[in-house]
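[1] 3D model of this:
(chains A, B and C)
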Amino acid sequence: MKKTPLNTAGQLLHCCHSIAGLTLGQLAAQLKVDVPANLKRDKGWVGQLLELALGAEAGSQAIPDFPALGIELKTLPIDQQGKPLESTYVCVAPLTGVTSQSWQQSWICQKLQHVLWVPILAERQIPLAERVIGTGFLWQPSVAEQQALQQDWEELMELITLGGIDQIRGAHGKVLQLRPKAADSKALTAAVGANGEPIQTLPRGFYLKASFTAAILSRQFNLAEQSLKY
DNA sequence: CGGTGATCATTG
DNA sequence: CAATGATCACCG
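    Next up, the predicted model:
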């Protein structure tokens, strides 16, 4: 865990391993950060803490957490069985001006090319300061994962550009969801209406379903097990 | 507002 | 009890 910017993915991973096994309280103490009583009013606290610990530079800018490496940092709340407790927010969804954009050029695709996942044992019954940081790992989508994501994305984007956004619910995709991403249900942003006319609607964001992130963890977990056997 | 970081909490 | 829709805090 260093304060200086990391130059390689290897250094980042090493830094990540050095904080694995610590509780959030221990890490916060090292960084001289106060631990909130709960996450009710500090939902992004865990993510911010890990960004500080690993030296992410992007802050709240719309760029990768590690610009030089093109790597995105994401914490993943899991239970003791290693199962994700929540779906994972990826980024906001463009609602206008994206006709004929390809999956490969999309913002979400770019973000998902290199992700540093850091599992956090975060069952709600465990006090925040006692939650344990897991072993982070670098991930790139497999061909199959890429195809599943692209398929859902294309379906969702077609609905958005054709004015079907108000029919989209969280259940629409298999691995990718489109759900509200706003301060509250009254926030508005521009979108396309049913007849192609401009309308105002709730801002949406792309989320990875828990079953998808569970598969990522499973793949990592199984590989780790295999490496112990041989 | 739109983006970052997400989790909360009601509901089926 | 998982999943969807709602919400919290901070920044430029």
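[2] list of residues touching stretch A:147-154?
    A:103, A:106, A:108-109, A:112, A:141, A:172-176, A:206, A:212 (Cβ atoms under 8 Å, 6 or more residues apart in numbering). Where C-beta positions appear, they are placed from N, C-alpha and C, glycine not excepted.
[3] where exactly do the strands run in chain A?
    Ranges of strands within chain A are A:72-78, A:88-92, A:115-121, A:137-139, A:176-180, A:189-192, A:198-201, A:204-208, based on DSSP state E.
[4] about what we covered before: which of the contacts of stretch A:147-154 sit farthest apart?
    A:Pro141 and A:His172 (19.7 Å; Cβ to Cβ).
[5] A:Leu162 versus the residue located most distally from the centre of chain A, what's the distance?
    Centroid-distance maximum for chain A: A:Asn195 at 33.4 Å, with Cα atoms, centre = their mean. Counting by Cβ to Cβ, to the nearest Å, the gap from A:Asn195 to A:Leu162 is 10 Å.
[6] give me the low-pLDDT residue ranges for chain A?
    A:1-6, A:224-230 (pLDDT under 70).
[7] helices along that one, start to end?
    A:9-19, A:24-30, A:45-54, A:107-112, A:143-161, A:210-229 (DSSP state H).
[8] and those helices as TSV, adding mean neighbour count and distance to A:Asp184?
    As requested, those are exported to TSV (neighbours: other Cβ atoms under 10 Å; distance: least, Cβ to Cβ, whole Å):
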stretch	mean neighbour count	distance to A:Asp184
helix A:9-19	16	34
helix A:24-30	17	28
helix A:45-54	20	20
helix A:107-112	18	24
helix A:143-161	17	21
helix A:210-229	14	24
